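Asks: Structure of the sequence below:
(one chain, ligands or ions: 1)
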Amino acid sequence: MREIRNQFIILIIGMLSTLVLALIAAWIESEFNVLISDFSLCGVIPLGAIFMGYLAGRGCAVGARVVDRKPGKFILAGMFFQSFLFFLLILFFRYREVQLESEEVITLIEFGEFLRQTIATASVQDKSTFGSLLVLAYVLALIPVLGFFLGSAFVYLDLRTKPYCETCLSYLKQKRKQSRFTWHIKEAEITHEEILKLVERNAFSEAVRYFEQHAGPEKIDDSRHNIRADVTVMHCNFCGQHHFAFEVFHRRDHKKEWVQVNRLSIEKMSDTRIDI
Ligand SMILES: [Zn+2]
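Replies: Next up, the predicted model:
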């Protein structure tokens, strides 16, 4: 029962953030005549909608942090519903604002009719390319909705894969994170091999010490270092289990972006206490 309550709290915070986002987007549209969620790449990839969906998903992430629970599949279904809700709200706010020959549309037609006409008009605008089939208009109207869902689902997957204690149903808290830098992947491979041996026999504290002494300097020399290795130790506040993670990142030509080298990742949860 308590778990259902927690999931509902995540869902409600997600819904509230969708409502707030729709209000902000509608306000920007009425003030500046630009609808952020309409922005697309090559007229097909709904970047604006994906971005808004991502922000709405962050609302669910706040909820997940508040109740300290991993969102269930139920939340993913809620996000799908939110995607429709967002665009319905945008159109509803527009419906309340629009005037036709100095008369407010709200006094002339029902919202359902306004909705149907808005979607049909979009199909007429695309007539040159796609023809004016109403069915196609509905399909086209679905693209931003799916984009919004994609943005939210990205946050959902991120929340599902964050280190989590399945015993206590709680997110793990970070105890310490350290980074070391080198210039060649070969060195990271040697560190990986040694740390893997220690982790396999649950010698976590030794693995941390090995990392501190052999994985390279703590400070980056931007002109030389292109490999970064991280050790993160997390623990569960409730049962005291520890989580050890070793990760390696690589960047090309001293650019800002670090890309993870998945084959060199080590991750393990243990009852053994890790002293760092
Ligand atoms: Zn626990």
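
Asks: Quick check: what element follows the lowest-mean-pLDDT helix or strand in the chain along the chain?
Replies: One helix or strand of the chain scores below all others by mean pLDDT, DSSP states H and E: helix 127-130, with a mean of 49. Sequence-wise, the next helix or strand downstream of helix 127-130 (DSSP states H and E) is helix 134-161.

Asks: which parts of that next one are buried?
Replies: Across helix 134-161, burial judged by 16 or more other Cβ atoms under 10 Å covers 137, 140-141, 144-153, 155-156, 159. In short, each C-beta sits where N, CA and C put it, glycine included.

Asks: Need the distance between the two termini of stretch 157-177.
Replies: The first and final residues of stretch 157-177 sit 23 Å from each other (Cα to Cα, to the nearest Å).

Asks: What are the contacting residues of it?
Replies: 3, 60-61, 64-65, 68-71, 230-239, 241-243, 245, 267, 269, 274, 276 (Cβ atoms under 8 Å, 6 or more residues apart in numbering).

Asks: Run through these and flag the ones next to the ion.
Replies: 236, 238-239 (Cβ under 5 Å from the ion).

Asks: one step back: are any of the contacts of stretch 157-177 buried, and which?
Replies: For those, buried by 16+ other Cβ under 10 Å: 60-61, 64, 69-71, 230-236, 241-243, 245, 269, 274, 276.

Asks: what's near enough to touch Leu89?
Replies: 18-19, 22-23, 26.

Asks: What is the nearest of those residues to the ion?
Replies: Nearest to the ion out of the contacts of Leu89 is Thr18 (Cβ to the ion; 31.7 Å).

Asks: is it fair to say the closest one lies in a helix?
Replies: Yes - assessed with DSSP: H, G, I helix; E, B strand; the rest coil, Thr18 lies in a helix.

Asks: you'd agree it is up against Leu88?
Replies: No - shown here, Thr18 and Leu88 do not form a contact pair, counting by Cβ atoms under 8 Å, at 10.4 Å.

Asks: Between these two, which is the more surrounded one?
Replies: Neighbour count, other Cβ atoms under 10 Å: between Thr18 and Leu88, Thr18 has more, with 27 against 14.

Asks: Which pLDDT value belongs to that one?
Replies: Model confidence at Thr18, given as pLDDT, is 94.

Asks: Contacts only, for it.
Replies: Applying Cβ under 8 Å, 6+ apart, we find Thr18 in contact with 56, 59, 82, 85-86, 89.

Asks: want to throw these into JSON lines with pLDDT, secondary structure and distance to Asp222?
Replies: Output for the contacts of Thr18, formatted as JSON lines (pLDDT from 0 to 100; DSSP: H, G, I helix; E, B strand; the rest coil; distance: Cβ to Cβ, whole Å):
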{"residue": "Ala56", "pLDDT": "93", "secondary structure": "helix", "distance to Asp222": "37"}
{"residue": "Gly59", "pLDDT": "91", "secondary structure": "helix", "distance to Asp222": "36"}
{"residue": "Gln82", "pLDDT": "92", "secondary structure": "helix", "distance to Asp222": "42"}
{"residue": "Leu85", "pLDDT": "93", "secondary structure": "helix", "distance to Asp222": "46"}
{"residue": "Phe86", "pLDDT": "93", "secondary structure": "helix", "distance to Asp222": "42"}
{"residue": "Leu89", "pLDDT": "92", "secondary structure": "helix", "distance to Asp222": "46"}
